[in-house]
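> A predicted structure for the sequence below; I have some questions about it.
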Amino acid sequence: MKVTNSSKSFILGIVLLLASSAFAQSKASVELSRPVMLNGTELKPGDYNLRWEGTGPNVEVSIRRGRTVLAKIPARVSSLEYASAYNAAVTRENGTNINTLAGFRFKGKTMAIDLGESSEEVQAASAK
């Protein structure tokens, strides 16, 4: 009887560990050191929380400051050859004083998030 209860507890512990690690991989925080534009909205320097939902490489990223959702945008999860040395926001020059937010890299991770690049958008751009 004790072995059965121990086995059930062990299995439950493993399931909870896997579930919590999967959840931890779908959120992160990043600090913006300069203002950036995202879908016509200026994000000022400061700390932001990210959450992403979806299956496969296509996800939807929510960018929050505190409890306020500032933007939701389609994105693509991609793999990097090497783990990033730190959390970073990736920007693109757009010909103005404020760059456009293009994606995120995460400290110690080989995954990246590229904003506004769902697989359908990538396929449409390569077909042109």
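Ah, there it is.

> any idea how far residue 109 is from residue 68?
Counting by C-beta to C-beta, to the nearest Å, the gap from residue 109 to residue 68 is 26 Å. Every residue, glycine included, has its C-beta placed from N, CA and C.

> of these two, who's got more company?
For residue 109 versus residue 68, the count of surrounding residues by other C-beta atoms under 10 Å is larger for residue 109: 15 against 7.

> check which helix or strand covers residue 102.
With elements delineated by DSSP states H and E, residue 102 resides in strand 99-105, which encompasses its position.

> tell me the mean pLDDT for the following helix or strand past that strand?
Toward the C-terminus, strand 99-105 is succeeded by strand 111-115 as the next helix or strand (DSSP H and E). Per-residue pLDDT over strand 111-115 has a mean of 94.

> for strand 111-115, which positions count as buried?
In terms of neighbour count (16 or more other C-beta atoms under 10 Å), strand 111-115 has its buried residues at 112, 113, 114, 115.

> many thanks, I have nothing further to ask.
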